[in-house]
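Student: What shape does this take:
(one chain, ligands or ions: 2)
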Amino acid sequence: MDEREKIFAELRKQNIRITKQRKAIIDVLEGKHLTIQDVYSELRKRGYNNLGTVYNNIDFLLEHKIVAQIFINGKKHYDLTIDEKSHSADSHIHVTCKVNNNIIEINDSKIFEDIKQNEIFKNFRITKLQLVVEGVCDHFEKDSCKKDEACFIKALGQAR
Ligand SMILES: [Zn+2]
Ligand SMILES: [Zn+2]
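Tutor: Ligands and ions are numbered 1, 2, ... in the order given. Predicted coordinates for the structure are as follows:
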């Protein structure tokens with residue numbers, strides 16, 4: 001049984017049903033951050049044509065914390081959270097180059113711990129903590145981020 005199957009088996013035990021379409025959504029989100037439009041156009045290729053059902057299934061996955069939603073570049077993106085325990089929207093920072101919407105993840109639990117341990121939150125239980133860093137690469141003026149190879153964020157993503 002591979003990792004993914006183990007996770008599904010675990011969810012079944014909790015009566016969380018991973019239907020074919022829910023599985024398809026999980027598949028298309030693998031390694032990507034997608035908007036609802038992106039998810040829907042990928043699902044259409046697989047023969048799922050009902051946008052309402054896609055919305056409902058995304059809601060179901062959100063509710064069961066299998067997927068997280070993150071606002072990046074002004075748009076809601078969906079992100080898988082089930083790959084590994086450390087991979088949740090609360091453990092990695094999303095960094096995006098605004099020129100071409102490239103999104104990468106940086107894992108740095110220390111930053112999150114620093115926030116959680118901060119004096120301000122002494123009497124407060126944090127239930128959600130997301131970090132999104134938006135910006136442009138230094139050479140932005142030269143427009144080079146429009147070519148993916150020249151984008152610092154894109155290159156950083158590929159190096160990981
Ligand atoms: Zn992510
Ligand atoms: Zn860039």
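Student: For stretch 70-80, give the mean pLDDT please.
Tutor: Average pLDDT, stretch 70-80: 92.
Student: Mind listing residues that contact it?
Tutor: Applying CB atoms under 8 Å, 6 or more residues apart in numbering, the set of residues contacting stretch 70-80 from outside is 26, 29-30, 33-36, 39, 58, 66-69, 87, 89, 94, 96, 98, 101, 103, 130, 132, 134. Every residue, glycine included, has its C-beta placed from N, CA and C.
Student: and the residues you listed, which are buried?
Tutor: Among those, those buried by neighbour count (16 or more other CB atoms under 10 Å) are 26, 29, 33-36, 39, 58, 66-69, 89, 94, 96, 98, 101, 103, 130.
Student: Return the subset of those residues lying in helices.
Tutor: When DSSP state H defines the helices, the subset of those inside them is 26, 29, 36, 39, 58.
Student: Nearest to residue 49 among those?
Tutor: Minimum distance to residue 49 across those is 13.2 Å, recorded for residue 39 (CB to CB).
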